[in-house]
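> Structure of the sequence below:
(2 chains)
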There are 2 protein chains.
Amino acid sequence: MQNFTWHNPTELIFGKDTVKDLAPRLKADNIHGVLLVFGGKGTFKSGAYSQVTDMLNKAGINFSEVNDIKSNPRIDKVREGVSRVKAGGIDAILPVGGGSVFDSAKAIAAGSCYEGDVWDLFEDKSKISKALPIYGVLTASASSSEVNNIAVVSNPEKGLKISINSPVLYPKISVIDPSFQVTLPEKQTVYGGVDIIAHILERVLDGDEGSELVDELGYSLIRTMMRVIPDLIEDPKNYDLRCEYALAGAMAHCGFLSMGRTARGDFSSHRMGHSISLLFGAAHGASLSIIMPAWARYLYEDNPVPFARLGEAVFDIYDGSDEDKALDAIEALEDFFKDINAPTTLRELGIKEEDVQKLADNASRGESFGVLSKLEPEDVLEIFKLAY
Amino acid sequence: MQNFTWHNPTELIFGKDTVKDLAPRLKADNIHGVLLVFGGKGTFKSGAYSQVTDMLNKAGINFSEVNDIKSNPRIDKVREGVSRVKAGGIDAILPVGGGSVFDSAKAIAAGSCYEGDVWDLFEDKSKISKALPIYGVLTASASSSEVNNIAVVSNPEKGLKISINSPVLYPKISVIDPSFQVTLPEKQTVYGGVDIIAHILERVLDGDEGSELVDELGYSLIRTMMRVIPDLIEDPKNYDLRCEYALAGAMAHCGFLSMGRTARGDFSSHRMGHSISLLFGAAHGASLSIIMPAWARYLYEDNPVPFARLGEAVFDIYDGSDEDKALDAIEALEDFFKDINAPTTLRELGIKEEDVQKLADNASRGESFGVLSKLEPEDVLEIFKLAY
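Okay, the predicted model is just below:
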């Protein structure tokens, strides 16, 4: 096992009707004004908006708003938030939404404490030294942004979707009330679920053999998600299933599964998926259900072990050589994605064969990347071809 | 799933040669003098003492010492530590040892900020409001004390072994260098391992059905421990096995497996085990390998479900009714304890049959307790009889 440090200071308040528990905490921390950051109608439909604004009104805390944050959030909305904060009267950022909203809130929190343009922080994360505190309310689980220090933001002018992280970006408190998620559209449950599974796969498939215990915990979380997603498609209002989904979602990408690993996971598929989202507006989860199996098929013959272990632990595949098990596991994973109606080919998104080169170029940017296997630009092109 | 909060602020520094990483942290926090708290010769043998004192000397940090902390630590050593701190010059407590040493350090840290006698805090934990910061170095995994806010201390005069907990008692930083544990005697590896397994069982066997995901994580940790303990008996110097043991040990009782549970676990077996340790000086782990199977045998017919689930997930027991599976699981657990040479009867400790009533009285103290099943004093007596 590799040396590591673990410190996740975010406080989680989890369960039904817990938004109101934020009020005494905001008051104790001397917060008089907050910037609400949220998306669109889902925030109203889930009841989260009214619960949060009621809580703030009763507590006598002022708020202004930046709304219309979209998935694959953009730097222009972050700039709008930073301007609001710099205009004064705001002591903290209060995201109400899913990963995109939390990511935007983190970028606003850091950008508000930086005198230049906030995009600078994405191009050079050493410039991030301070951030306003974040008190968040999660309404859609997927990214673990509610319990990690990562933010991913797109800059369409520059054609970039970049991730930053910093110890100052952990939310101070995150409220996870899974009952807000019972109104999510099926697509979002599916894509969020794929993202959660992908966050775990990026670790357990990174080829690190020194962390069997952590792999075991990862397999348990994948089995949970594979049980819960199909059940939620049948029974979307089931609160207990939403709880398991939300808790697995928080654990998948909070750093917990990176303990003892050489790298902190592979994340090649995330990098390639980001290109599909950036260039074709694909949902993040949809990009991952397409690219992960293609990545796996391209690599498994040279690296069968992590795929074979996944096959045993998650899909009860025990027959044949490691290579046989690996291929069976990849097929089982792909079948699972098909069963829950997640796309597994670029074609299903209406992307054309001639766009494959463009995707590969955007993902590679002339560099090699990857942990289980270093991917050169020509490998990346082959993977996108397999994904077509 | 029940509502819960999660906040574990302890920073973990994990891996080989990491003691030196404490120096810059102590300096950054303006710590000029520390109280070293440790046990006996194991601290020297493991190399931990010399690494810690070298680190302090190089950093120019003064230290005084309270040593000879024994397992089942006693309030008199805590009082000694508090007096040292009150004499001045100490800004932080630095335990170097296992659970008993960390528990003593926490009690000293709290007692040093309290003007009365430190035992008051055990009799009324609402009196704990402040504590000196704790920077610890773990040399024996078992209790998770390095990452939780719990301290268990015995008061032999009063015939009590009591646990306290408070948000102010989390260590600020804990260094876990598993290479210190390669010199542990086999008995300690075994008893520590039993304690770790027991911390998980106290949760997954508490009858709470709302937290299947958390149970799954618990089963994974038990499987890890059942793989690692026998391997360590064969190969005690194996660093990677020591890492898995240490990491599972930290996770088992840091609060993580209590998420979403109605109670935070059952802990009847711990309460009964404490009496065996207090009255007969038994190692904590030995008390648990004796009492847990007896507790399980006494209860399983009325509560087969959690035992049956354990049987499936940990021992691959799939045949028969839940009651059949439950009994098979209990027998398999007991067999595992026997295989690793942990005692499973009071007799093996030289305890006499007439002492059983005394043990039951000490554990019950006239109250009922327990989560899976409320244990009245007469139930407790029956369990101790079964354990005889």
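
> Please count neighbours and contacts with C-alpha atoms only from this point.
OK.

> Can you check the pLDDT for the closest residue to A:Asn165 other than its chain neighbours?
Sequence neighbours aside, A:Ile150 is the residue nearest to A:Asn165 in space, at 4.3 Å (criterion: C-alpha to C-alpha, 6 or more residues apart in numbering or on different chains). pLDDT for A:Ile150: 95.

> Name the residues of the stretch 101-250 of chain A found near chain B, please.
Where the stretch 101-250 of chain A comes near chain B, counting by C-alpha under 8 Å from any C-alpha of the partner chain, the residues are A:210-213, A:216-217, A:220-221, A:224, A:240, A:243-244, A:248.

> of all those, which two lie farthest apart?
The span of those, defined through C-alpha to C-alpha, is set by A:Gly210 and A:Asp240 at 34.0 Å.

> what's the neighbour count on A:Lys58?
11 (other C-alpha atoms under 10 Å in any protein chain shown).

> Which element, helix or strand, includes A:Thr43?
Using DSSP states H and E, A:Thr43 maps to helix A:41-45.

> Tell me how far that helix lies from the chain's centre.
Centre-to-centre, helix A:41-45 and its host chain are 20 Å apart (C-alpha atoms, centre = their mean, to the nearest Å).

> Mind checking what helix or strand follows that helix in sequence?
Next element after helix A:41-45 (DSSP H and E): helix A:48-59.

> Just want the most central residue of chain A.
A:Ser143 (2.1 Å; C-alpha atoms, centre = their mean).

> OK, contacts around the nearest residue to that one once chain neighbours are set aside?
Nearest residue to A:Ser143, sequence neighbours excluded (C-alpha to C-alpha, 6+ apart): A:Gly99, at 5.3 Å. Contacts for A:Gly99 (C-alpha atoms under 8 Å, 6 or more residues apart in numbering or on different chains) come out as A:140-146.

> do the same with A:Ala360
A:272, A:377, A:380-381, A:384.

> mind listing the strands for the stretch 101-250 of chain A?
Counting by DSSP state E, counting those that start in this stretch, the stretch 101-250 of chain A has strands at residues A:135-138, A:150-155, A:160-165, A:173-176.

> want to throw those strands into CSV with mean neighbour count?
CSV is the format used below for those (neighbours: other C-alpha atoms under 10 Å in any protein chain shown):
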stretch, mean neighbour count
strand A:135-138, 28
strand A:150-155, 22
strand A:160-165, 18
strand A:173-176, 26
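
> Contacts for the helix holding A:Thr43, please.
By C-alpha under 8 Å, 6+ apart, helix A:41-45 touches A:49-50, A:96-97, A:139, A:183-184.

> Show me which of these are buried.
A:49, A:96-97, A:139, A:183-184 (16 or more other C-alpha atoms under 10 Å in any protein chain shown).

> looking at it, A:Thr224 is touching B:Leu213, isn't it?
Yes. Using C-alpha atoms under 8 Å, A:Thr224 is in contact with B:Leu213, at 6.2 Å.

> Could you list which residues are in contact with A:Leu288?
A:194-195, A:198, A:269-270, A:273.

> hmm, back to that, average pLDDT for the helix holding A:Thr43, rounded please.
Helix A:41-45 comes out at a mean pLDDT of 91.

> Just the CA coordinates for it, please, in CSV.
These are the backbone C-alpha positions of helix A:41-45, laid out as CSV (Å, rounded to 0.1, in the frame of the first residue of the first chain):
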residue,chain,number,x,y,z
LYS,A,41,-36.9,24.2,-12.5
GLY,A,42,-35.8,21.0,-10.7
THR,A,43,-34.7,23.1,-7.8
PHE,A,44,-38.3,24.4,-7.4
LYS,A,45,-40.0,21.0,-8.2
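
> lowest average confidence, helix or strand, in chain A?
Using mean pLDDT, DSSP states H and E, the weakest-scoring helix or strand in chain A turns out to be strand A:160-165, at a mean of 88.

> Kindly report the domain assignment for chain A.
A:11-180, A:186-387 (automatic domain parsing).

> Endpoint to endpoint, the longest one covers what distance?
This points to domain A:186-387. Length of domain A:186-387, first residue to last, C-alpha to C-alpha, to the nearest Å: 24 Å.

> now the first one
End-to-end span of domain A:11-180 (C-alpha to C-alpha): 19 Å.

> From the chain's centroid, how far away is that domain?
Computed by C-alpha atoms, centre = their mean, the chain-centroid distance of domain A:11-180 equals 15 Å.

> Now do the end-to-end distance for stretch A:334-351.
Stretch A:334-351 has an end-to-end distance of 19 Å (C-alpha to C-alpha).

> quick one: secondary structure of A:Leu94?
strand (DSSP: H, G, I helix; E, B strand; the rest coil).

> show me what contacts it?
Counted by C-alpha under 8 Å, 6+ apart, A:Leu94 has contacts A:34-37, A:105, A:134-137.

> And A:Met225, by the same measure?
A:193, A:196-197, A:245, A:248.

> Out of these, flag the one nearest to A:Ser373.
A:Ile197 (20.1 Å).

> The closest one is in contact with A:Thr224, isn't it?
No. If you go by C-alpha under 8 Å, A:Ile197 and A:Thr224 don't touch, sitting 9.7 Å apart.

> quick revisit: of the contacts of A:Gly99, which is the most crowded?
A:Glu146 (37 neighbours).

> Let me see the mean pLDDT of the longest helix along chain A.
What stands out as the longest helix in chain A, according to DSSP state H, is helix A:212-234. Per-region confidence: helix A:212-234 scores 96 on mean pLDDT.

> for stretch A:127-143, same thing?
Per-residue scores along stretch A:127-143 average to 97.

> CA atoms only for it - export them in PDB, please.
C-alpha atoms of stretch A:127-143 as PDB (Å, rounded to 0.1, in the frame of the first residue of the first chain):
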ATOM      1  CA  LYS A 127      -3.200  30.600  -7.500                       C
ATOM      2  CA  ILE A 128      -6.100  29.200  -5.300                       C
ATOM      3  CA  SER A 129      -5.300  30.100  -1.700                       C
ATOM      4  CA  LYS A 130      -8.500  31.200  -0.100                       C
ATOM      5  CA  ALA A 131     -12.300  30.700  -0.700                       C
ATOM      6  CA  LEU A 132     -15.500  31.800   0.900                       C
ATOM      7  CA  PRO A 133     -17.100  29.000   3.000                       C
ATOM      8  CA  ILE A 134     -19.600  26.800   1.200                       C
ATOM      9  CA  TYR A 135     -22.800  25.500   2.900                       C
ATOM     10  CA  GLY A 136     -24.600  23.400   0.300                       C
ATOM     11  CA  VAL A 137     -27.900  21.600  -0.200                       C
ATOM     12  CA  LEU A 138     -27.600  18.600  -2.600                       C
ATOM     13  CA  THR A 139     -30.600  17.800  -4.800                       C
ATOM     14  CA  ALA A 140     -28.900  15.300  -7.200                       C
ATOM     15  CA  SER A 141     -26.200  12.800  -6.400                       C
ATOM     16  CA  ALA A 142     -23.500  11.900  -8.900                       C
ATOM     17  CA  SER A 143     -20.200  13.800  -8.700                       C
END
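
> how about the helices in the stretch 1-150 of chain A?
Secondary structure of the stretch 1-150 of chain A (DSSP state H, counting those that start in this stretch): helices at A:22-28, A:41-45, A:48-59, A:75-86, A:99-111, A:119-123.

> Point out where chain A drops to low pLDDT.
For chain A, no stretch has pLDDT under 70.

> which one in it is furthest away from the centre?
A:Gly320 (34.7 Å).

> Go ahead and list the helix or strand containing it.
Using DSSP H and E, no helix or strand contains A:Gly320.

> how close does it get to chain B?
Remark: distance between A:Gly320 and chain B (C-alpha to the nearest C-alpha, to the nearest Å) = 22 Å.
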